[in-house]
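Colleague: Any chance you can model this:
(one chain, ligands or ions: 1)
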Amino acid sequence: MATERPEADVAAEMERLRTQIDTHNHAYHVLDAPTVSDAEFDALFDRLLALEAAHPELITPDSPTQRVGGAAAARFPTIRHPLPMLSLGKCTTFDELRDFDVRVRRLLGSDDDIDYACEPKVDGVAVRLFYEDGRLKLGATRGDGEEGEDITANVRTLAAVPLRLRGENWPARLEVRGEVYMPRADFNAFNVAARAAGERELVNPRNGAAGSLRQLDPAVTARRPLTLFCYGIGRIDEDWPLTSHVASLDRLAEWGFRINSDTRRVTGIEAVIDYVETFLARRGELGYDIDGVVIKVDDFASQDALGVLTRTPRYAIAFKPAAEEALTRLLEVDFQVGRTGAVTPVARLDPVFVGGVTVSNATLHNSDEIARLGLRVGDLVWVRRAGDVIPQVVRVEVEQRPAEARDIVFPDHCPVCGAPVARSEGEVVARCTAHRTCPAQLVHGLLHFASRGAMDIQGLGEKIVTQLVERELVADAADLYGLDAETLAGLDRMAEKSAHNLHGAIQGSRRRGLARVIFALGIREVGEATAAALARHFRSLPALWEADEESLQQVRDVGPVVAREIAEFFVQDENRALVERLLAAGVEPEPPPELPVTAPLADQTWVLTGTLEALTRKEAKARLEALGARVSGSVSAQTDCVVAGPGAGQKLADAERHGVPILDEAAFMVRLGELEA
Ligand code: IVH
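Modeller: Here you go, the predicted structure:
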């Protein structure tokens, strides 16, 4: 019987069991590489429990059976951190990262590339762990950085936190910093179970980790799927033997701590940027949430030289790309009417910070898009804004739909002028059937007329145009030229000086040339390039409006669809009338200068691809155009010549496929010289 064994024997077996269990536990929870089956592990654990039951006097506080212990606390004691728990300065762009590097090198007086440690910035809860003589003595939250809460009982329940250190040569006093988090899969599984049991679900993994760590009853924390990554060491003793951050992390790993395997030491800021790009591209596959990347000067002596600025170290920085998606509520859907009468649904959102700006409106495109999203007013929606792209609603949280959510009803009459809205066959866009009589279409038509690529009337913005239309001072673009400075000065918020300037801008726009006038008319499918081609070809407005579809298609870039739109535009009397009124108002659509008949490359299309060395792309293009050629971005059978520098890919292949002549840069330079002579 066990009780008859000498106490020393039992104690030795218990110690063996503790070590075995710790080793398997470490393999499973720290290295993510289990070494035994669950059954074997349970057998060892049960054996230890049995011995401890028989010999309670031999239970040690670092025994794996003692992770969950003690009664629920009434509150957490406050604890002062011997070294403050710092926070990080942050940046959101690579240029700011480069600035950080410049600053570091300036302060260190170094021209050399710096060694940086790059690590994931795990989105969880910061903790500090304190070990004395290899035993966990304390676990604390960050609090305000100076003082936190003593959550030792809860921290002990995390299987990835060593209760006693492995390996050897650890310092007598060791301070470790890490981030406790909830892996995404465990978070999801927890919520599935909670839902099935009718219990409260966790909002997100970060809240889940924070809430779990601050449970007053450690038994509750023990049931939560928490783990941690250790990312730093607090150098509390003077004679710390290690000289760099990454080396310290390696040592922490030997002592049994869980270290993020994506931590890397790289040299120079460009290598840091490579790391950040590569790492962030993988963020969806990580299994845990991150809110950026932390970059630290690796060398401890340099860290010390750089020092700390109030609460943030000068030797480290967090790179946090602005979140591109955020959750907010759809408050209302309004319908806007554009220049062509297109009725576009616009989401009015509870303002939310996303992609680096506050967004309160997003486009919903059309009724098909609303149906695809399954959207209702009142829904919680995910809004996406990446780069300069217009914010979009990308998803609906259907499960969190409030009872009062209501369907979005697409109007069958124009919300601005009341004319019927129609959707022509094969089109997803619904349009207001009124034309220039719809104030919304008129306002947007005028804004287009005044826009930069068209008549370029500075100062004629939406507020002014809206007033001009509302006060019936303007019924079409030609009316703009009849406005005097006095009338303009009578508009709301229009000072005398600005009225004078605007009047000048309107009058000065009369001589913008034929191409801009054609573009300004706002014919569907006619962009700036097509307008320029039409101007070169027809050379006057009457010539353009007399042209039938067939002759329109003679123009480069004009296919059957564009030709039909142009012809249909000029069939309408009101459009012809507008053109006549513009001419009468003094608009002078000068045709573009005729290309010399002898332009050597007149009517040719050239393509530039690959790298050019003697010339920039822009210069090469300008010189070809001066010779009458058009420079295009894609190769077709109609292309006359392709200039291919090193690195040319698809376009070169296309040229070969179509049998288009190809010049390398040297041959191109010779040819240019001959043609320009
Ligand atoms: S270092 C001296 N490294 O981010 C710098 N922090 O704003 C002190 N965090 O409170 C922090 N992952 O909770 C560092 N690899 C990492 C981190 C990390 C997450 C958190 C930590 C800290 C906050 C800093």
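
Colleague: give me every residue that touches Ala454.
Modeller: By CB atoms under 8 Å, 6 or more residues apart in numbering, the contact list for Ala454 reads His448, Arg512, Arg516, Phe519, Ala520. C-beta: built from backbone N, CA, C; applies to glycine.

Colleague: Is the first one in a helix, a strand, or coil?
Modeller: Reduced to three states with DSSP: H, G, I helix; E, B strand; the rest coil, the structure at His448 is helix.

Colleague: before we move on, back to that, tell me the two of the contacts of Ala454 that are most distant?
Modeller: Comparing all pairs in the contacts of Ala454 by CB to CB, the longest separation belongs to His448 and Arg512, at 13.7 Å.

Colleague: shared neighbours of these two, anything?
Modeller: Counting by CB under 8 Å, 6+ apart, the contacts common to His448 and Arg512 are Ala454, Ala520.

Colleague: Out of the contacts of Ala454, which are close to the ligand?
Modeller: Among the contacts of Ala454, not one lies near the ligand by CB under 6 Å from any ligand atom.

Colleague: Point out the residues in the stretch 451-600 of the chain that sit beside the ligand.
Modeller: Contacts of the stretch 451-600 of the chain with the ligand, taken as CB under 6 Å from any ligand atom, are absent.

Colleague: and what of the stretch 101-250 of the chain?
Modeller: Counting by CB under 6 Å from any ligand atom, the stretch 101-250 of the chain comes close to the ligand at Glu119, Lys121, Val122, Ala126, Arg142, Glu179, Tyr231, Gly232.

Colleague: now for those residues, which pair is the farthest apart?
Modeller: Spatial extent of these (CB to CB) is set by the pair Glu119 and Arg142 at 17.4 Å.

Colleague: Compare neighbour counts for these two and give me the winner.
Modeller: Legend: neighbour count by other CB atoms under 10 Å for Glu119 and Arg142, higher for Glu119 (25 against 19).

Colleague: count of residues packed around the residue lying closest to that one once chain neighbours are set aside?
Modeller: Spatially, and ignoring its direct neighbours in sequence, Glu119 is nearest to Thr263 (4.4 Å; CB to CB, 6 or more residues apart in numbering). Residues lying near Thr263 (other CB under 10 Å) number 19.

Colleague: same deal with Ser632?
Modeller: Neighbour tally, Ser632, other CB under 10 Å: 16.

Colleague: Identify the bridge partners of it.
Modeller: Taking DSSP bridges, one obtains Val607 as the residues bridged to Ser632.

Colleague: if I pick it, what's in contact with it?
Modeller: The contact partners of Ser632, by CB under 8 Å, 6+ apart, come to Thr605, Trp606, Val607, Thr639.

Colleague: And the pLDDT at Asp388?
Modeller: Looking at Asp388, its pLDDT is 62.

Colleague: I meant to write Glu201 there.
Modeller: 88.

Colleague: Just checking stretch 312-332 against the ligand, any contact.
Modeller: Yes: contact between stretch 312-332 and the ligand, assessed by CB under 6 Å from any ligand atom, occurs at Pro313, Ala316, Ala318.

Colleague: Ala197 and Ala219, how far apart?
Modeller: 17 Å (CB to CB, to the nearest Å).

Colleague: who has more neighbours, those two?
Modeller: A side-by-side neighbour count of Ala197 and Ala219, using other CB under 10 Å, places Ala219 first with 15 against 8.

Colleague: State the distance from the more buried one to the ligand.
Modeller: Counting by CB to the nearest ligand atom, to the nearest Å, the separation of Ala219 from the ligand is 26 Å.

Colleague: Helix, strand, or coil at the closest residue to that residue other than its chain neighbours?
Modeller: Sequence neighbours aside, Val68 is the residue nearest to Ala219 in space, at 5.5 Å (criterion: CB to CB, 6+ apart). Judged by three-state DSSP, the three-state class of Val68 is coil.
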